[in-house]
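Novice: I'll drop the sequence and a predicted model, then ask my questions.
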Amino acid sequence: MHVSTSVATASLLGVGLVLICSTVDIMRVRSRGNSLLAWLHSSLCCRFVRDAFKSSTASDWAFLAEGALNLTCTYVGTDPLLKGRVLRLRKHNPDASMGANRSEPYTESIKFEERVILPLLGRRYVQPSIEVPVTTTFLDGVGANISSDRSARRRVHTIDPLLQTALIMNDNTRLPLKDGAGCICIELKVKCGTLSTRPWVSHQVKRRVSKFAMHQQLKCEEGKLGRPSLYSPLDLFSGDAARIRAALDALVATPQNNLQLFASNALLFPSAHGLVGGMQAFDAALSSVNGFSGNASRLLAVLTSILEIEPILPRLLAAQQLDDCDIEGAAHMYEEIVARGEAIAPLADGPALQTHTPPPRELPTSASEQHLLVRRFLVSKTAKDCSVMITLQPDDSADQAMPPRLPDLPVELTGERTIVRGFMGYAYSIAVVDLDPKPQAKMRHYLALDDTMARVYADLEQKKALRNEVGSDKCAQHACCRKRAHWEGMKRKSRIQAFWPPALGIASVDPSCTALERWSEYIRWGLNRASKATAPPPHTRAARTPG
């Protein structure tokens, strides 16, 4: 009796410590050099979440979303330790898994996220996951409960019956603020924002057309799509507000699965209201969310501002640029490694990867450099296929004006999740998900697909048979987006040029610079001028370097 009472008391104390630690500003603790509390929070949280999961049943989990290889369920039970959590389960899809571990597929994923992806993107965007054991009975129950909520084409692949572990993660479709009223989540599958420039690239079309655009044309040829997307990843990753807005407008017009709107554990757009996409359907979906303020145009303006000032897109682009040899070079190195009978180490092993390094002028011949090149390419594939989830909720205490710099915003941490308050009338949080390592066995598949996409696109282009060319003025609908982007850019540039009097001798100004940055450079330029320096401020550069 005494032992039982002690165990119960210890459990209650543990739960209390978890709840207390959850309210602590972890970043502030770390900045003081005391990481003990942060470690204690993480360890206790994992332990008690695992214990809570053991007590949950299949009926406590409802379908939320799914991709080719994984599906996600949200917790609808009553345990406070699982509130705001989702469960990620692996499906049996051999074409997507390519021989990956079926019983414990997430063990390597957690190591990969923490050791490789986290140093590239930062804890601000990469949230920790908790691996939990699952039973066959539990998986069968979940599969039966969610079957009717899944699309017919997705039901072909069931939850893997050999699965022994699953992942508990934060529910990024919600914010843990107030009662959660008016909370929405936008999921963006950003795709690849770079072009192939290496000298050994065999298809010249790859130097000027994005992989996404080529793949869209191929899918249309194969009958998988009725029309291509208007979205251009090159616009989204451009760092220019007008082009980012054009990319978001294009995603709303033709969302496919690259833009999705969630609220109250349900997908509202693009499948809601009987329409595939478009601003009208997007507006209707937003108006159906109880407590959300703002229409589609307002929301897209807020999203544009968030993506412009947050460092998430530059960090993702740098991670994508780890592919500094293109698939043609990486596949060639992979074949040489295989021919020598050498095993390629798991992606989670090895040192941290360096970004912003000059690409090689020729393919390496040493074994160590070849292994590094293949590793960098596979890591870049994860950055190209991940999703960015932006969760927003109206914030009554927020300033409606856009702050000039992100560091000036109040930032609060709930557990390990960063929530920005006071931004244009909203609180928001950003998370990057779908960060699983790519299997080595897909290298030949990647090369074959790349070759097919380039050949089909070049052939259609030569025959003038491209279907509403993606990201091009040849598409009438997308031309509207680009025309608006052009005029918005011109208006913004004229306002900035008015800020810099012509007498200062400044010919052009980078329109992406903030007012504070312009004032700082103006002061430096004035001081240099007083010292008889003649160099104009760096705003005369042609483009702003992402960072």
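Specialist: Good, I have the coordinates.
Novice: partner residues bridging the nearest residue to Asn258 once chain neighbours are set aside?
Specialist: Using Cβ to Cβ, 6 or more residues apart in numbering and skipping residues adjacent in sequence, the residue nearest Asn258 is Lys189, 4.5 Å away. All C-beta spots, glycine's among them, are computed from the backbone N, C-alpha and C. Judged by DSSP bridges, the bridge partners of Lys189 are Ser387.
Novice: ok, now how distant is Lys189 from Ala62?
Specialist: 23 Å (Cβ to Cβ, to the nearest Å).
Novice: picking up where we left off before, so who does the residue nearest to Asn258 touch?
Specialist: Asn257, Asn258, Leu259, Asp385, Cys386, Ser387 (Cβ atoms under 8 Å, 6 or more residues apart in numbering).
Novice: sort those residues by pLDDT and name the bottom one.
Specialist: Looking at those by pLDDT, the weakest one is Asn257, with 90.
Novice: three-state assignment of that residue?
Specialist: coil (DSSP: H, G, I helix; E, B strand; the rest coil).
Novice: what's the burial count for it?
Specialist: 12 (other Cβ atoms under 10 Å).
Novice: how near is Arg298 to Cys45?
Specialist: Distance from Arg298 to Cys45, counting by Cβ to Cβ: 36 Å.
Novice: and what of Ser297?
Specialist: Counting by Cβ to Cβ, the gap from Ser297 to Cys45 is 40 Å.
Novice: neighbour count winner among these two?
Specialist: Cys45 (20 against 12).
Novice: how close does that one sit to Val132?
Specialist: 13 Å.
Novice: check Glu187 too.
Specialist: 24 Å.
Novice: again with Ser238
Specialist: 41 Å.
Novice: now swap in Ile430 and tell me
Specialist: Ile430 is 25 Å from Val132, by Cβ to Cβ.
Novice: same question for Met279.
Specialist: 41 Å.
Novice: higher neighbour count, these two?
Specialist: Each of Met279 and Val132 has its neighbours counted (other Cβ under 10 Å); Val132 has more, 19 against 14.
Novice: how about the more buried one, nearest residue that isn't a chain neighbour?
Specialist: The nearest residue in space to Val132 (Cβ to Cβ, 6+ apart) is Phe53, at 4.7 Å.
Novice: what about the one you found, helix or strand, and which?
Specialist: Assigned by DSSP states H and E, Phe53 belongs to helix 36-55.
Novice: next secondary structure element downstream of that helix?
Specialist: Of the helices and strands lying after helix 36-55 in sequence (DSSP H and E), the nearest is strand 61-66.
Novice: ranges for the strands of the stretch 1-150 of the chain?
Specialist: Assigned by DSSP state E, counting those that start in this stretch, the strands in the stretch 1-150 of the chain fall at 61-66, 70-75, 85-90, 130-133.
Novice: what is the shortest one packed up against?
Specialist: What that stands for is strand 130-133. helix 36-55, helix 106-112, strand 165-170 (3 or more Cβ pairs under 8 Å, 6 or more residues apart in numbering; DSSP states H and E).
Novice: check the ones you listed for me and report the most buried one.
Specialist: When you average the neighbours per residue for each of the helices and strands packed on strand 130-133 (mean count of other Cβ atoms under 10 Å), strand 165-170 leads with a mean of 21.
Novice: can you list contacts of that one?
Specialist: Strand 165-170 is contacted from outside by 49-50, 53, 82, 84-90, 103-107, 109-110, 127, 129-134, 415-417, 431, 433, using Cβ under 8 Å, 6+ apart.
Novice: same thing but 6 Å
Specialist: 49, 85-89, 104, 106, 127, 129-134, 417 (Cβ atoms under 6 Å, 6 or more residues apart in numbering).
Novice: next, give me the two most distant ones among these.
Specialist: Greatest spatial distance in the contacts of strand 165-170: Glu104 and Arg417, 26.1 Å, computed using Cβ to Cβ.
Novice: where does the stretch 101-250 of the chain have low pLDDT?
Specialist: 179 (pLDDT under 70).
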